[in-house]
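1. For reference, the sequence and a predicted model appear below.
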Number of protein chains: 2
Amino acid sequence: MKDITKHSKIITAATKVFAKKGFFNARISDIAKEAKVADGTIYLYFNNKYDILISVFEEEIGKIVAQIKKTLSEETDPRKMLEIYATKHLLTMKKNKNLAEVIQIELRQTNKLIKDYRNNKFIEYTDLVADIISLGQKQNIYRRDIEPGIAKRFFFGALDEVSRVWNTSLEGHYTVEQISEQLLKIFLSGILLPDNINT
Amino acid sequence: MKDITKHSKIITAATKVFAKKGFFNARISDIAKEAKVADGTIYLYFNNKYDILISVFEEEIGKIVAQIKKTLSEETDPRKMLEIYATKHLLTMKKNKNLAEVIQIELRQTNKLIKDYRNNKFIEYTDLVADIISLGQKQNIYRRDIEPGIAKRFFFGALDEVSRVWNTSLEGHYTVEQISEQLLKIFLSGILLPDNINT
DNA sequence: AGTAAATGAATGAATGGCCATTCATTGTAT
DNA sequence: ATACAATGAATGGCCATTCATTCATTTACT
């Protein structure tokens, strides 16, 4: 009988190896060794190397989406909702740097490699931001001259770039809370001093 | 005598090929064919495949940095300066989608691959944003409780994410000006309606 | 000027190493 | 004893890099 734990052991190992070496420099034998499994065993659970990458991506992003959706469902204030999203994102990526790196790489390369793979989970993930903004607009809390479809890119992009440099330049300097606070400050109220808003 | 134009012909070809296939799937012979040059010729101008990648990156980013610095030097209002930066970035990436893709990939993989390569040009590029913010703070135009070192990540990340999806989801929907305007709106004044700022 | 060496750029076929994938064999549980 | 999971050595294809050779241009000599 196929071992369900073996599947996830391979996923975890692959996440680690992909993060460390990048997809193309990761060898199947590296993943096998990390998962304490024979090379051939991997092919009992996955079709090929890309399949592992996509599985890592979909499964891990899927978990985050589910978690965030659950947390958001207990909140109604769109301001708080953005804060929850930002903090959750940063905490997750900080806790799981391997995953953060896989997302970085995967996102930028898979579309090119596998035309028919649409990053569904990921789209769902970023669309959460657009949904929150739309909600806030309906409630007259957010400005209506903001396009949710553009703003979601800004919000995710900002978080993602912070995750990217987490290891190198931000580590030790700032906490997740500080960064999240700064992002919310800017995103909600901007960087202008009130005096200068209409000059 | 070595042909100076051949060097740049290879750079251009490599940018194209890297963008289309990604660094790892790009073959030297692809680049050679694109540049209308023999495979071996490439090694008269570059040490190896990574060297081509780094050269593409440094040269192209270097050009942009020089251009933006020049344009910014003619402007003193920090608000306008951010606008110039955003618009210039988006225009450049839209005009040169190949470059945009190379930057995306390069930025996320090179540090892992080549430990002693520090992306100097790129650091210079993003630091421009931090400098503009600091300047605005000195002039009492920008809030002092914003960390330029974090805010620059947000600003660049937002622009970069927009560039990433330019081909797929934004093409045809929005102009550079619209996106730049939206980013400035948010970055300068936030998405909150004035009524809700202190609720 | 005309011809012959010399220099070095350009070529692309051949090499060699790497590594995803396969599959014959072995292990194990029922 | 059967069925299926697991193994890992062997295979085969790919492709960065090399280098012996060709080609083109410049220099030197009569």
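-> That came in fine, so what should we check first? Numbers count the residues shown, from 1 in each chain, chains lettered A, B, ... in the order given.

2. Who are the packing partners of the least confident helix or strand in chain A by mean pLDDT?
-> One helix or strand of chain A scores below all others by mean pLDDT, DSSP states H and E: helix A:97-113, with a mean of 76. Using 3 or more C-beta pairs under 8 Å, 6 or more residues apart in numbering or on different chains; DSSP states H and E, the elements in contact with helix A:97-113 are helix A:4-21, helix A:49-72, helix A:78-95, helix A:148-164, helix B:97-113. Any C-beta I mention is one placed from the backbone N, CA and C, and that applies to glycine too.

3. what does that helix rub up against?
-> With contacts defined as C-beta atoms under 8 Å, 6 or more residues apart in numbering or on different chains, helix A:97-113 is touched by A:15-16, A:18-20, A:22-23, A:50, A:53-54, A:56-57, A:60-61, A:92-94, A:117, A:119, A:122, A:160, A:163-164, A:166-167, B:20-22, B:25, B:101, B:104-105, B:108-109, B:164, B:168.

4. ok, then the element right after it?
-> Using DSSP states H and E, the next helix or strand after helix A:97-113 towards the C-terminus is helix A:120-138.

5. now for that next one, which elements pack on it?
-> Right, helix A:120-138 is packed against helix A:49-72, helix A:78-95, helix A:148-164 by 3+ C-beta pairs under 8 Å, 6+ apart.

6. Domain map for chain A?
-> Chain A breaks down into these domains under automatic domain parsing: A:1-46, A:53-191.

7. Throw those into TSV and include distance to B:Ala86, thanks.
-> Shown next, in TSV, are the domains of chain A (distance: least, C-beta to C-beta, whole Å):
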stretch	distance to B:Ala86
domain A:1-46	30
domain A:53-191	11
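
8. so which of those domains comes closest to B:Ile150?
-> Nearest to B:Ile150 among those is domain A:53-191; the distance by C-beta to C-beta comes to 4.9 Å.

9. Can you measure across that closest one, start residue to end residue?
-> The separation between the terminal residues of domain A:53-191, taken as C-alpha to C-alpha, to the nearest Å, is 39 Å.

10. Can you name the residues that contact A:Phe57?
-> If you count contacts by C-beta under 8 Å, 6+ apart, then A:Phe57 has A:102-103, A:106, A:110, A:119, A:121-122 around it.

11. how near is it to DNA strand D?
-> A:Phe57 is 23 Å from DNA strand D, where distance means C-beta to the nearest atom of the strand, to the nearest Å.

12. tally of neighbours for the residue of chain A at minimum distance from DNA strand D?
-> Proximity of chain A to DNA strand D (C-beta to the nearest atom of the strand) peaks at A:Gly40, 1.7 Å away. A:Gly40: 9 surrounding residues under other C-beta atoms under 10 Å in any protein chain shown.

13. Tell me the spacing between it and A:Ile28.
-> The spacing between A:Gly40 and A:Ile28, counted by C-beta to C-beta, to the nearest Å, is 9 Å.

14. Next, give phi and psi for A:Asn96.
-> The phi and psi values for A:Asn96, taken as degrees, to the nearest 10, are phi -120, psi 70.

15. hang on, A:Lys185 packs against B:Asp145?
-> Yes: A:Lys185 lies in contact with B:Asp145 (C-beta atoms under 8 Å); the separation is 7.2 Å.

16. Looking at the two, which one has more neighbours?
-> Between A:Lys185 and B:Asp145, counted using other C-beta under 10 Å, A:Lys185 has the larger neighbour count: 17 against 10.

17. now that one: how far from B:Ile146?
-> To B:Ile146, A:Lys185 is 7 Å away according to C-beta to C-beta.

18. now do A:Thr71
-> In this view, A:Thr71 and B:Ile146 are 27 Å apart by C-beta to C-beta.

19. out of these two, which sits in the busier spot?
-> Between A:Thr71 and B:Ile146, B:Ile146 has the larger neighbour count (other C-beta under 10 Å), namely 20 against 14.

20. who's in contact with the more buried one?
-> Counting by C-beta under 8 Å, 6+ apart, B:Ile146 touches A:182, A:185-186, A:191, B:133, B:137.

21. 10 Å instead, please
-> Counting by C-beta atoms under 10 Å, 6 or more residues apart in numbering or on different chains, B:Ile146 touches A:182, A:185-186, A:190-192, B:133-134, B:136-137, B:154.
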